[in-house]
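Below: sequence and its predicted model.
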Amino acid sequence: MKQGLFCLLFLFSISFSAFAQDDDLKLEKKGANDIAEKKATVDLYKIISIEKDTTIVDTSLTIKREYKFNYLRKDIFGLLPFLNEGQTYNTLDFGLTHFNPFPEFGFLAKHFNYLEVRDINYYNLPTPYSDLYYKSVMEQGQNLDAFVSANVAENLNFAVGYKGLRSLGKYQNQLASTGNLKLISSYNTKDKRYFLKAHMTAQDMLNHENGGIKVLSQFESGDDLYQERSRIDVNFYDAQSILNGKRFFVDHSFKLNKSPSSVVLNHQFNYEYKYFEFSMTAHERFGESYTSFINNKTRYNRMYNKFGAAYSHKTFGDFNFFVENYQYNYYYYRTVVQDSGAFVPNAINDKINTWGGQYVYIKGKWKGTFLVSNSITDQSLANLDANIRYTLNENNVFSFRYQNMNKLPNLNYVLYQSDYKEYNWFNSFKNEKINNIEVEAKTKWFEASMQYSVLNDHLYFVNENPTYNEEGIANQLIVKPYQYDKTINYLSIKAGNEIKVGKFGLDNTFLFQQVQQSDNILNVPQFTTRNTLYFNDYFFKKALYLQTGFTFSYFTKYKANDYNPLLGEFYIQNQKDVGGYPVFDYFLNAKIRTFRLFFKAEHINSSMTGYNFYTAPNYPYRDFMIRFGVVWNFFS
C-alpha cells in the first residue's frame, strides 16, 4: 500500500511538473489578443514556518546541502545513526533536545523521524512546485520522498507529501519500514483579515529489533567469516516495534477590522493519537514474563486548544494574551497487580489549563519575543521564554535566548505496563526544572554558539543492578525510570567556519561539551568535530556543477547511552566506552539546473582502523558502503 501511495503521488507531481529547464520560471499572463510571458524567480517560492519565519526554495548545491542529504533531510551533526537506515540515533549533542512543559507521550528514541508541528511548513508559490528525493539504502529497499505544492489561487495553497522507506539492513532482524504522509493547506482572505494554516499527518515507523550483537568478538575480530554481517549472532530474532500516529492541526486568526492597530483573535487546535507497540517471543534478557509471547501496546491521545487575542501597535509592538487547554489520555486495556502487591492502573489522564502572554517587538534591526505561561489548574507548570535577535545585515546576525521551564514528566516515566514482570510501574515524580541560556552569532566569517543549562529533578532510565559478561555487556536489561535529586550543569560551545580558496573549500564544525554532576547521569562526548575538504567547479560551459571531497568525523570516547527497544528509549550505562574512532566519507555530487545527483562512499576507512566502532555498547556503527541518490525540483 505504501508503494502504491508513493506511485500515485509521483504521478500527481509529474502532472504538475513538466521539466523545468531553468531556475527562472515562466508565468503566463493572458491579454485580450495575446499571451505575455514573465519569469518567476526562485525567491518567489516561499516556505513559511508555523512561527511565521519565511525562507525560499533552495535549489543550490552547497556543502550545507550535502549535509542534509539523508533520511531526516536535515544536518545531523550531533546525531549518530544506528546500523540501518530508518533506525534510531544516539545523541552526541545534548543541545539538540527540545523541551515542552506539557507531559508528552515519551518513547523518544522512536521519534527522530516523527514529524512534529514545528516540522511542518506552509507554502506560497507563483507556480506548482515539486520536490523528489531518492536515496539507496543498505540492503533490499529504497528511501523515497515525494512532495508537491500548488497555489490554486493567490491566497489558497495545497500541499501533499509522502516519505517511504524500506531497508532490510546488513544484520539479522533489522528491517526498517516507515511512512510519513502529510496533507497541508494555507489560506487567507483577500483583505488579509483572516489567515488559516492546517495540516494532517499519518505516520508509522516499524523496526525489527535485534537487540544488538550478542558476541562482540565476532565483530571485533575482523574474521572473514563475519564480514558477511548476517552471520553475526544477535540477541533477538523476532522482536519488532511500531510507532504509529495521526494528527489534525489548525492555526487560524481573524482581524476585527482593517485598521493596522486592530485586535486579532487567534485559535490553535491540535488533536493527536499515537500508539507504541512492542512484540516478541519471551526472552530471558528482559527477565521473567507473564506470557510466552510478549505484546505490549501503549495508547495515547491528546487534544490541545489555545485561544488568544492580540493587539498590534506600530510603536510599542505586538501584545498577545492567551489561555490553553491540554487534555490527554494515556492508557492500556488491563490493570496489573505485581508479585509485591503493587497496583499498576490501566490509565492516567488529566486536563491542564494555563494562561499566558507573548510580546513581540520588531524595530529596525531588532526583534524580541517574550513569552510567559503558567498553569491555572492544580498541576504545577510554567514556562518563560525570551528571545532577542539583532540583524546587522544579511550576513551578520546575533541572538540571545533565556528559557526557564517547570516541566511535567513524560508519561512513560509515570506509567508503563508490559508482559515482562519487571517492566510494570506507576510512579509519582516531581516536575523537571530547566534553566537554559543560549547565545549565537552568525557572521560572514564564522558561526558560533554557547549554551548553558541547569537541570534539576532530571528524569532518566537506567539498567537496575546489572551484571556483565566478559565482554562488558549486561546479561539482563531491567531498565526503569529514576529521578536525579541533584543539580546537573551543562555547557556547550559550538563553532564553525567555511574557508574558500579558489575552487577549494574547507568547512569545519567543532563542538565542546562539559557536564558538572555528582553522578554520571548526563553523558556526552567532550569533543565532537566534522571537517570537510572539497573541490567545486563548473564544466561544459557551466551546464554542470561538480562538487567532490572528503568528510572527517570524530567524537571522543564516553559512556554512551544504550538503547532499549522494549521501551523505545535510551538508558544510562557506565560500563563501556563508545567513540574515539575516525570516520572518513568520500562524496561526489553534481547539479544540472534543478537536478542534483549525490554519490557517497561512507566510512571508507572502516577496515583500516580496527573493528571497534559502535553507536551504543553492542550496536556497531556502519561499515563501508557506497550509496547514491538524487534530489529533483520541478517548477511549472
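Received the coordinates, thanks.

going forward, measure contacts between C-alpha atoms and count neighbours the same way
OK.

Find me the pLDDT at the spatially most central residue of the chain, would you?
Nearest residue to the geometric centre of the chain (Cα atoms, centre = their mean): F112, 4.3 Å. For F112, the model assigns a pLDDT of 96.

That one contacts T91, doesn't it?
No: at 10.4 Å, F112 and T91 do not qualify as touching, with contact defined as Cα atoms under 8 Å.

what's the closest non-adjacent residue to the residue nearest to the centre of the chain?
T88 (6.7 Å; Cα to Cα, 6 or more residues apart in numbering).

For the one you found, give its distance to A590.
Using Cα to Cα, to the nearest Å, we find T88 at a distance of 29 Å from A590.

what's the answer for G580, then?
32 Å.

Looking at those two, which has the bigger crowd around it?
More crowded of G580 and A590, by other Cα atoms under 10 Å: A590, with 20 against 17.

what's the host helix or strand of that one packed up against?
Here A590 is covered by strand 583-592, with elements defined by DSSP states H and E. Packing partners of strand 583-592 (3 or more Cα pairs under 8 Å, 6 or more residues apart in numbering; DSSP states H and E): strand 544-555, strand 595-602.

Run me through the strand neighbours of the helix or strand just after the first one, direction for each.
Next in sequence after strand 544-555, counting helices and strands by DSSP H and E, comes strand 562-564. Each strand that strand 562-564 pairs with, and the sense of that pairing, follows from DSSP bridges: strand 569-571 (antiparallel).

contact partners of the partner strand?
Outside of strand 569-571, the residues within contact range by Cα atoms under 8 Å, 6 or more residues apart in numbering are 107-110, 460-463, 479, 561-564.

per-residue confidence at the residue nearest to N383 when sequence neighbours are not counted?
Leaving aside its sequence neighbours, N383 sits nearest to M405 (Cα to Cα, 6+ apart; 4.5 Å). On pLDDT, M405 comes in at 97.

do the same with S15
For S15, pLDDT reads 36.

now F147
97.

what sits up against the helix or strand hosting it?
If you go by DSSP H and E, F147 is part of strand 142-153. Residues from elsewhere that reach strand 142-153, judged by Cα under 8 Å, 6+ apart: 6, 9-10, 13, 71, 123-137, 157-167.

mind listing what it pairs with, with the direction of each?
strand 129-136 (antiparallel), strand 156-167 (antiparallel).

So for T594, which of those sits nearest?
Each of these has some distance to T594 by Cα to Cα; the shortest is strand 129-136, at 9.9 Å.

Please export the C-alpha coordinates of that closest one as PDB.
The C-alpha coordinates for strand 129-136 follow below in PDB (Å, rounded to 0.1, in the frame of the first residue of the first chain):
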ATOM      1  CA  TYR A 129       6.400  23.200  -7.000                       C
ATOM      2  CA  SER A 130       7.600  19.600  -6.600                       C
ATOM      3  CA  ASP A 131      10.500  18.000  -4.700                       C
ATOM      4  CA  LEU A 132      11.500  14.500  -5.400                       C
ATOM      5  CA  TYR A 133      14.100  12.700  -3.200                       C
ATOM      6  CA  TYR A 134      15.600   9.200  -3.700                       C
ATOM      7  CA  LYS A 135      18.500   7.500  -1.800                       C
ATOM      8  CA  SER A 136      19.700   4.000  -1.900                       C
END
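
Next, D43: secondary structure please.
helix (DSSP: H, G, I helix; E, B strand; the rest coil).

partners of S399 in the sheet?
For S399, the beta-bridge partners under DSSP bridges are R389, E440.
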